[in-house]
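Peer 1: Below: sequence and its predicted model.
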Amino acid sequence: MSNNNPIGVFDSGVGGLTVAKEIMRQLPNEKIIYLGDNARCPYGPRPMEEIKQYTWEMVRFLLQKNIKMLIIACNTATAAALDELKDQLDIPVIGVIYPGARAAIEESRNLHIGVIGTVGAIASGAYENALTNIHSGVKVTSLACPKFVPIVESGEWGSPIAERVVKEGLAPLKGTGIDTLVLGCTHYPFLEKVISKELGLGVSIISSGEETARDASTILQFNEMQSPNKSAPSHEFYTTGSRRMFNRIAVELFGTEIDNIERIQTSED
Ligand code: DGL
């Protein structure tokens, strides 16, 4: 058995592209429909109820595209809406928090793990719960870094401003003894080089994309839902914001031009 329908990938903006890239690498025959709610990004500082409402709105758009699986490639939306989406949708739904937590536990030697994310994701305690559910002996040091997402959304992750903001943002983690840091926001892998330079070689950096793509692969295989395609599919990209900005960032990430980006409206347009 097989299933030729696409996989839906959603984020508040361009961060989920870091997860989409891993899915493309591990599942090259699967078509992706990507949706970024760039017009309303960042989600991080918003109340959970609002994040949930926006997430549902975006998910409804993806469902109209007949997706066979939904990947919430946003930690903040995962914290706000994953349980509800899992309960109410009849397709597999995967978030990014559990896969990230699992990868961090595998990597850490001293079981003191740092987590950085948006205000919403950190305040929800979702990472702490996931990490301590997997291993009750883990010590978690969490930190919200609200200034990182705007830097990525504006394409400035390689600039001197990025270095200064990351240095200031990560200062509370210095000397805490963490040996592993989870990038608990899918935008942060864009800043990985700067983050890694700031924390030094003694701290391993974990992003959840790789592990999330592995989960997607396992679920497709288990349910016999893999694509029968043997050639590279043509992915579709949608944004509620600027196509030009979205393309500029996607080109830097994928190293190739993306010609099929469409702008869609939100309920607030
Ligand atoms: N990429 C999203 C995440 O993983 C957050 C960005 C935002 O604040 O909208 O949490």
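Peer 2: Perfect, I can see it now.
Peer 1: Mind exporting the C-alpha coordinates of the host helix or strand of residue 80 to CSV?
Peer 2: Using DSSP states H and E, residue 80 sits in helix 75-88. What follows is helix 75-88, C-alpha atoms only, in CSV (Å, rounded to 0.1, in the frame of the first residue of the first chain):
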residue,chain,number,x,y,z
ASN,A,75,7.7,24.6,19.1
THR,A,76,5.4,27.3,20.2
ALA,A,77,2.4,26.0,18.2
THR,A,78,3.3,22.4,19.3
ALA,A,79,3.2,23.6,23.0
ALA,A,80,-0.2,25.3,22.4
ALA,A,81,-2.1,23.0,20.1
LEU,A,82,-0.4,19.6,19.5
ASP,A,83,-2.7,17.6,21.9
GLU,A,84,-5.8,19.1,20.5
LEU,A,85,-4.8,18.6,16.9
LYS,A,86,-3.9,15.0,17.6
ASP,A,87,-7.3,14.4,19.3
GLN,A,88,-9.3,16.0,16.5
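Peer 1: Output the contacting helices and strands for that helix.
Peer 2: Here helix 75-88 is seen to pack against helix 48-64, strand 69-72, strand 93-94, helix 97-107, helix 119-124, helix 126-134 when contacts are counted using 3 or more CB pairs under 8 Å, 6 or more residues apart in numbering; DSSP states H and E. (C-beta placed from N, C-alpha, C; glycine too.)
Peer 1: quick one: which of those is nearest the ligand?
Peer 2: With CB to the nearest ligand atom, the closest approach to the ligand among the helices and strands packed on helix 75-88 belongs to helix 119-124: 5.0 Å.
Peer 1: hmm, who's touching the closest one?
Peer 2: 43-46, 48, 51, 75-76, 78-80, 97, 115-116, 127, 142-144, 146, 184-185 (CB atoms under 8 Å, 6 or more residues apart in numbering).
Peer 1: Would you agree residue 206 falls within a strand?
Peer 2: Yes: counting by DSSP: H, G, I helix; E, B strand; the rest coil, residue 206 falls inside a strand.
Peer 1: Show the pLDDT at it.
Peer 2: For residue 206, the model assigns a pLDDT of 97.
Peer 1: how close does it sit to the ligand?
Peer 2: Distance of residue 206 to the ligand, given as CB to the nearest ligand atom, to the nearest Å: 13 Å.
Peer 1: Report the beta-bridge partners for that residue.
Peer 2: Applying DSSP bridges to residue 206 gives these bridge partners: residue 182.
Peer 1: Verify the contact between it and residue 179 for me.
Peer 2: No: between residue 206 and residue 179 there is no contact under CB atoms under 8 Å: 11.1 Å.
Peer 1: Secondary structure element holding residue 164?
Peer 2: helix 160-170.
Peer 1: for residue 229, same thing?
Peer 2: Assigned by DSSP H and E, residue 229 belongs to neither a helix nor a strand.
Peer 1: okay, now it: neighbour count?
Peer 2: 13 (other CB atoms under 10 Å).
Peer 1: On the three-state scheme, the residue nearest to it when sequence neighbours are not counted is what?
Peer 2: Excluding the flanking residues, the one nearest residue 229 by CB to CB, 6 or more residues apart in numbering is residue 29, at 4.4 Å. What three-state DSSP gives for residue 29 is coil.
Peer 1: Phi, psi for residue 29 please.
Peer 2: phi -90, psi 0 (degrees, to the nearest 10).
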